[in-house]
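> fold the following and give me the result.
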Amino acid sequence: MTYKHLLSVRDGHVERLTLNRPDVRNALNDESIAELTHWAARTREESGLRAVVIAGAGPVFSAGADIAWMAKTVEYSHADNVRDAGLLSRMFLALDTLPMPVVGRVHGAALGGGVGLAAICDVVVADEQAVFGFTEVKLGIVPAVISPFVLAKIGRSAARELFVTGARFGAARALALGLVHQVVPAASLDAAVDGCLRELATSGSEAVAAAKALIREVWDRPIGQASASAVRVIAERRVSQEGQEGLRAFLEKRKPSWVVT
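Numbering: from 1, shown residues only. So this is what the prediction gives:
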């Protein structure tokens with residue numbers, strides 16, 4: 001599938017997606033939002049896909065919302081804004097609920113909606129010089145649509161500071177907050193991402209999907225409900241074909257059949 005604002009390349013068992021609007025710092029507009037939503041729906045159904053990498057072309061990962069798009073919204077009615085924000089929310093939800101692990105390759109800057117894209121990634125590797133920020137309040141608006149995904153990563157305390165100040169912060173702070181999982185020099189970024197992919201290739205793809213779904217199901221739920229879900233999921237996995245193969249491979253001291261070398 002060819003997109004106007006995205007580059008999507010299948011690399012063996014990995015799908016590599018690049019935000020491809022370097023002239024506007026990979027800012028999001030209505031077209032790129034529609035393309036990302038379509039890409040997520042298509043990718044969800046891809047067979048044999050073990051992981052996804054999201055990166056940005058040019059000097060930054062994503063600077064958030066496109067200025068030209070924002071200029072159009074100045075004239076929007078309340079109903080127009082509800083519709084527009086709903087499309088953006090559906091995009092983030094489609095990306096967040098992909099069954100395969102999503103690795104974010106963040107360099108340069110991730111601001112506003114760009115931080116939202118980082119937040120939906122399961123693993124984020126960042127350039128040590130990368131800058132982050134929820135800068136919406138500087139424009140008199142708020143990081144509303146991305147808030148469910150960001151709060152799940154950094155928690156209420158950090159959000160209370162960063163959402164209201166709009167202050168930019170570095171990769172080390174992002175690492176401490178849990179927004180980023182690994183910080184490396186720019187020259188080592190691709191090697192670090194490839195290291196993550198090698199690790200993911202040793203995990204059962206069905207188990208990974210079940211683990212992602214389990215986190216969404218038990219997070220922030222009462223312990224009784226969460227425990228019931230956990231019991232159900234582990235029982236299902238133990239009797240599944242993949243679970244049986246993994247346990248037998250462990251007992252027989254061999255690699256399970258799904259390991260990609």
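> please report how far the spatially most central residue of the chain lies from R90.
Nearest to the mean C-alpha position of the chain, by Cα atoms, centre = their mean, lies C121 at 2.1 Å. According to Cβ to Cβ, to the nearest Å, C121 and R90 sit 18 Å apart. For every residue, glycine as well, the C-beta is placed using N, CA and C.
> what's the burial count for F169?
By other Cβ atoms under 10 Å, the residues close to F169 number 19.
> now do H5
Using other Cβ under 10 Å, H5 is surrounded by 21 other residues.
> tell me the pLDDT at it?
pLDDT for H5: 96.
> where does the closest residue to it other than its chain neighbours fall, secondary structure wise?
Leaving aside its chain neighbours, H5 sits nearest to S32 (4.1 Å; criterion: Cβ to Cβ, 6 or more residues apart in numbering). S32 is located in helix 30-44, with elements delineated by DSSP states H and E.
> how far does that helix sit from the chain's center?
Taking Cα atoms, centre = their mean, to the nearest Å, one finds helix 30-44 lying 13 Å from the centre of the chain it belongs to.
> quick one: mean pLDDT over that helix.
For helix 30-44, the mean per-residue pLDDT is 96.
> quick one, what contacts the residue nearest to H5?
S32 is in contact with 5-6, 19, 21, 66, counting by Cβ atoms under 8 Å, 6 or more residues apart in numbering.
> mind picking the two most distant members of the residues you listed?
The largest distance within these, taken as Cβ to Cβ, falls between L6 and D66 and amounts to 14.3 Å.
> so how far is M91 from H78?
Between H78 and M91 the computed distance is 21 Å (Cβ to Cβ).
> try T73
According to Cβ to Cβ, T73 stands 16 Å off from M91.
> who's more crowded, those two?
Each of T73 and M91 has its neighbours counted (other Cβ under 10 Å); M91 has more, 25 against 14.
> ok, how many other residues are close to S47?
4.
> SS state for it?
Counting by DSSP: H, G, I helix; E, B strand; the rest coil, the backbone at S47 sits in coil.
> what count of nearby residues applies to the residue nearest to L214 when sequence neighbours are not counted?
Closest residue to L214 in three dimensions, ignoring its sequence neighbours and counting by Cβ to Cβ, 6+ apart: V233, at 5.3 Å. Here the number of neighbours of V233 (other Cβ under 10 Å) works out to 16.
> please name the residues that touch D127.
106-108, 171, 183-186, 189.
> hang on, I meant A34
Residues near A34 by Cβ under 8 Å, 6+ apart: 87, 91.
> E31 too?
Here E31 is in contact with 4-5 (Cβ under 8 Å, 6+ apart).
> that one and V24, how far apart?
Applying Cβ to Cβ to E31 and V24 gives a distance of 12 Å.
> all helices for the stretch 1-150 of the chain, in order.
Assigned by DSSP state H, counting those that start in this stretch, the stretch 1-150 of the chain shows helices spanning 30-44, 67-73, 78-96, 113-119, 147-165.
> and the last one, how far from the chain's centre?
On the basis of Cα atoms, centre = their mean, helix 147-165 sits 16 Å off its chain's mean C-alpha point.
> before we move on, what about the fourth one?
Centroid displacement of helix 113-119 relative to its chain, using Cα atoms, centre = their mean, is 7 Å.
> now for it, which elements pack on it?
helix 78-96, strand 102-106, strand 131-133, helix 147-165 (3 or more Cβ pairs under 8 Å, 6 or more residues apart in numbering; DSSP states H and E).
> the ones you listed: which one's closest to R198?
Nearest of the helices and strands packed on helix 113-119 to R198, taken as Cβ to Cβ: strand 102-106 at 11.3 Å.
> kind regards, and thank you for your time.
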